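A.B. asks: I need the structure of the sequence given here:
(one chain, ligands or ions: 1)
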Amino acid sequence: MLCLVMHIAPTGAALGAFITGIDLARPLAPEGLAAFRAAIVAHKVVFLPDQHITLDDLERLTDQLGGRRDTPYVKGLADRPMVVRVLREADAAIGFGEAWHTDLSYLAAPPAFTLLWSSEIPPKGGDTMWSNQAAAYAALDDATKREIANLTAVHSAIGPYGAGGYYAQVQGKTSMQFAPSAEAHAEHRHPVVIRHPESGEKILFVNRTYALRIEGYDAERSARLLNALFLHAVSEPFRYRLQWRPHMLTIWDNRSTQHLAVNDYQGHRRDMYRTTAVGTALEAA
Ligand code: SIN
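C.D. replies: Now for the predicted structure:
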């Protein structure tokens, strides 16, 4: 077991911190794990450079953060179904996660954390951006806060993963294996403003990829409000943009962030491994 003397250097932006002094090729001891988890929740996304870990290590850490789960409609590795290879070959036009989203918000209990480890990165580009959804909520005007206080949003994976959805249409243009399905049309509801189950913060919890409509609003009113919230949620002041290095592990709190993979490295390869840690149903703030 690894006893922890970690060093945390916040990015200075709205979220994110670099963590050094910790080797995740070894299991975290219980007290170290608690401090590590608290750092992820506090900073919302953490970056750990120079982590020469194996997929066994990645899976063990995911288990320490609550347990591995699958990513519906995205095929995992043949021998490790809970590990997704986020791969874009040099000749592929389409990557993965190239629109703002919160992972698996189309489920009743979205994951608590996502872990992404870089094996190979392009010489330039291929960054990931995150946006702080607690800061986004706090910056809303009072009238909007009052309006959304008791609203519920309907989420579904139909857009990306439905039968005939985005990934079904671009199947030949990606290096990843998707499994589009009519099951992805299932809907789950989450409060528009959730109370973070660990930090207690109020979080704006709608994202353009999976939030379809506001329950009880007509289509026009729903689209108007959601579009305004989507734009606000990922605006510049709430963001951090990471330039990857090989062998960097990034872990984000999926309940308090949105993220996007920047598609700007045509002609180069990007190869990452991703797991998600089990989360809980989300409650209204
Ligand atoms: C994802 O959305 O999980 C992928 C992010 C990335 O590849 O940068």
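A.B. asks: Mind listing what's buried along whatever helix or strand residue 146 lives in?
C.D. replies: Using DSSP states H and E, residue 146 maps to helix 142-148. Using 16 or more other C-beta atoms under 10 Å as the test for burial, helix 142-148 gives 144, 148. Using the backbone N, CA and C atoms, a C-beta is placed for each residue, glycine as well.
A.B. asks: what residues does it touch?
C.D. replies: With C-beta atoms under 8 Å, 6 or more residues apart in numbering as the test, helix 142-148 has contacts from 137, 140, 192-193, 204, 225, 228-229.
A.B. asks: what distance separates that helix from the centre of its chain?
C.D. replies: For helix 142-148, the separation from the chain centroid amounts to 26 Å (computed by C-alpha atoms, centre = their mean, to the nearest Å).
A.B. asks: Alpha carbons of that helix, as PDB, please.
C.D. replies: Taking Å, rounded to 0.1, in the frame of the first residue of the first chain, the C-alpha atoms of helix 142-148 are listed here in PDB:
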ATOM      1  CA  ASP A 142     -31.000  35.400  -9.700                       C
ATOM      2  CA  ALA A 143     -34.000  35.200 -12.000                       C
ATOM      3  CA  THR A 144     -32.500  32.200 -13.800                       C
ATOM      4  CA  LYS A 145     -31.600  30.500 -10.500                       C
ATOM      5  CA  ARG A 146     -35.200  31.000  -9.400                       C
ATOM      6  CA  GLU A 147     -36.600  29.600 -12.700                       C
ATOM      7  CA  ILE A 148     -34.500  26.500 -12.700                       C
END
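A.B. asks: going on from it, what's the next piece of helix or strand?
C.D. replies: Note on helix 142-148: by DSSP H and E, the next helix or strand toward the C-terminus is strand 152-156.
A.B. asks: Skipping adjacent residues, who's closest to residue 82 in space?
C.D. replies: residue 68 (3.9 Å; C-beta to C-beta, 6 or more residues apart in numbering).
A.B. asks: can I assume that neighbour is in contact with residue 274?
C.D. replies: No. Judged on C-beta atoms under 8 Å, residue 68 makes no contact with residue 274 at a distance of 11.0 Å.
A.B. asks: pLDDT at the residue of the chain at minimum distance from the ligand, what is it?
C.D. replies: Using C-beta to the nearest ligand atom, the single residue of the chain nearest to the ligand is residue 97, 2.3 Å away. Confidence at residue 97, expressed as pLDDT, is 94.
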